[in-house]
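1. Everything below, folded, please.
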Amino acid sequence: MAAPCCVRMSGLMLTRRVIPGSRRLSVSAPLRRRKEPLVYKMKEPPEIPGLQRVTFAERMYFVPWLARPHFPPWTRDWQDPQHYRSPDQAHMPLHRERPAYVFNQKCRLLEGVKQALWLTKTKLIEGLPNRILSICEDLQYQIPNQDERVQNVISHACLWNSTGDQPVREEFCPTLLQDLLHLCKTQNSKYPLLFQRGFTEKYRLAASWYRESRIYQVRGINGFLLSARTELAPLASAQEIQATVDHNLESLYPISPAIDLQEVNVYEEKNDSGFRAGYPFSHPHTVYLTNSCNTRAKFLPDQLRAKMIMFAFGNALAKARILFGEDTKVLPHPVLVQSVGTDGQFFQFMVLQLNTLDFDSNDGVKNIVWIDSDQPLYESAACVPKLRRKVVVVPAGICGYQPATFMKFWAMYLHGAV
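-> Numbers count the residues shown, from 1 in each chain. Below you'll find the model as predicted:
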């Protein structure tokens, strides 16, 4: 066999083949190297005061030995939304020298619930209120064939709707929430007050308040809202509200309370619940949030609970300002808003009662929030079993179904109608 060898000559690659027993070399066709295109970047000549540049503007075509002309920007006589250029922030009509700190859907608070409690001047109580727990324990409020129907909902979201071997959380998490809400809506004929409810998706909320000489805002799209024709009755009595005066809020020092919030200088101090005047279901009832567990948008459980507090507080604050005005401090009638958050397996339940609009200092009446955290609806849901060393670690199907978690979900939905 001939042994090939390569010789590089004058930028070309020549392949030579040596024939055994002979001094002759067979030269094959040269392999040319691929040339990369040369990119010439023309530098702008410096501006010399007193000298006039000779350009090719009058000739209307490119001339290499003449300078490139500079034309003033063309301004249209009409408004074209496809070619709109926003002015500088300093020239915008809503520009303020004093910055505002905005909480939106993508904000993940570093301190979680602790930071949300300080921003909203709220006292935390572990567990759900007794009024909601009484609905969970009463058997007359159970749905017929409840466990079977809930397991079918889980199977539809996690197993039947999946095209792979294992369900994807970003896909089955919103499907599971919508199916559970659909299961609750099938009981409207049994409880007539449930017909006085409305569902709103992608509505925009705006709420602002002052907290220790800083402006904080909750703005933007914040989830799936269940609203009602009438407001929820307060859960804490007048004595319990007065007892919050002695509660001390935990300090965040040395961390700034505005950490992870968006700092803006173009804003408007606005309180808008997202509904027009005359909308029949204008009272917020429950805010439903989902955590898709995506690597870029994943919220830790504590951060998800903080997000629930902030958006429930924003809905309650906007509604309280509409009902009682801007100058009211202690509300004559508290505003109650619920919130449910889930990642498709674990559920977070929260109830917030807004008692005061005085956020200037930590003294005085506080707001109250009840939180029941990390309640699993099931332990595992797999399309195919997971094996490890020929041993089934996770069986196929739904395992570890927890009926008490759905009862809390159903009780919060039913709250205010029974």
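2. so where do the helices sit in the stretch 1-150 of the chain?
-> Using DSSP state H, counting those that start in this stretch, the helices of the stretch 1-150 of the chain run over 113-120, 130-137, 146-155.
3. Now that we're looking at Q89, what pLDDT does it have?
-> According to the prediction, Q89 has pLDDT 89.
4. do you know how far it is from E97?
-> Distance, Q89 to E97, using Cβ to Cβ, to the nearest Å: 11 Å. Yep, even glycine has a C-beta here, placed from its N, CA and C like the rest.
5. Also K43?
-> 40 Å.
6. for this protein, which strand is longest?
-> Identified as the longest strand of the chain according to DSSP state E is strand 330-342.
7. how far off helix 130-137 does that one point, in degrees?
-> Taking axes from the mean of the first three to the mean of the last three Cα atoms, to 10 degrees, strand 330-342 and helix 130-137 form an angle of 30 degrees between their directions.
8. Tell me the helices and strands packed up against strand 330-342.
-> Strand 330-342 sits against helix 169-185, strand 283-290, helix 301-324, strand 346-356, helix 403-414, with contacts defined as 3 or more Cβ pairs under 8 Å, 6 or more residues apart in numbering; DSSP states H and E.
9. wait, which of those is closest to V266?
-> helix 301-324 (19.5 Å; Cβ to Cβ).
10. counting contacts, what elements does that closest one pack onto?
-> In terms of contacts (3+ Cβ pairs under 8 Å, 6+ apart), helix 301-324 is packed against helix 113-120, strand 204-210, strand 215-221, strand 283-290, strand 330-342, strand 346-356, strand 367-376.
11. Can you name the residues that contact the closest residue to Q262 other than its chain neighbours?
-> Spatial nearest neighbour of Q262, excluding adjacent residues (Cβ to Cβ, 6 or more residues apart in numbering): V102 at 4.5 Å. For V102, the contacting residues are 216-219, 261-264, 267, by Cβ atoms under 8 Å, 6 or more residues apart in numbering.
12. Check F281 too.
-> Taking Cβ under 8 Å, 6+ apart, one finds 196-198, 227-229 in contact with F281.
13. and it, how far is that from V337?
-> From F281 to V337 the distance is 14 Å (Cβ to Cβ).
14. my read: E231 touches V335, true?
-> Yes: E231 is within contact range of V335, at 6.9 Å (criterion: Cβ atoms under 8 Å).
15. Give the intersection of the neighbour lists for those two.
-> Common neighbours of E231 and V335 (criterion: Cβ under 8 Å, 6+ apart): K319.
16. Give me the more crowded residue out of those two.
-> Legend: neighbour count by other Cβ atoms under 10 Å for E231 and V335, higher for V335 (26 against 18).
17. I371: neighbour count?
-> For I371, using other Cβ under 10 Å, the count is 19.
18. what are the bridge partners for it, then?
-> Bridge pairing for I371 (DSSP bridges) gives the partners E126, M350.
19. ok, it touching M350?
-> Yes: taking contacts as Cβ under 8 Å, I371 lies within contact range of M350: 5.0 Å.
20. In the protein, where is pLDDT below threshold?
-> For the chain, the stretches flagged by pLDDT under 70 are 1-42, 44-45, 165, 293-297.
21. Just give me the residue closest to the centre of it.
-> Residue closest to the average C-alpha location in the chain (Cα atoms, centre = their mean): Q105, at 3.4 Å.
22. give me every residue that touches that one.
-> Q105 is in contact with 220-223, 307, counting by Cβ under 8 Å, 6+ apart.
23. Just the buried ones from those?
-> Using 16 or more other Cβ atoms under 10 Å as the burial test, the contacts of Q105 include 220, 222-223, 307 as buried.
24. from those residues, which is closest to T244?
-> For the buried ones among the contacts of Q105, the nearest to T244 is K307 (23.1 Å; Cβ to Cβ).
25. Could you identify which of the contacts of F281 has the most neighbours?
-> S227 (24 neighbours).
26. helix/strand/coil for it?
-> Assigned by DSSP: H, G, I helix; E, B strand; the rest coil, the conformation of S227 is strand.
27. what do you get for K270?
-> Recorded secondary structure, K270: coil (three-state DSSP).
28. With adjacent residues omitted, what lies nearest to it?
-> Sequence neighbours aside, A206 is the residue nearest to K270 in space, at 4.5 Å (criterion: Cβ to Cβ, 6+ apart).
29. One more: A100?
-> A100 sits nearest to I215 (Cβ to Cβ, 6+ apart), 4.2 Å away.
30. residue contacts, that neighbour?
-> 98-101, 208-209, 267, 269.
31. go on, V54?
-> V54 touches 66-67, counting by Cβ under 8 Å, 6+ apart.
32. Next, work out how far apart it and N355 are.
-> For V54, the distance to N355 - Cβ to Cβ - is 76 Å.
33. Likewise for Q146?
-> For Q146, the distance to N355 - Cβ to Cβ - is 35 Å.
34. Comparing the two, which shows the higher neighbour count?
-> Taking neighbours as other Cβ under 10 Å, Q146 and N355 compare with N355 leading, 27 against 15.
35. is it true that that one touches P332?
-> No: counting by Cβ under 8 Å, N355 stays clear of P332, with 10.4 Å between them.
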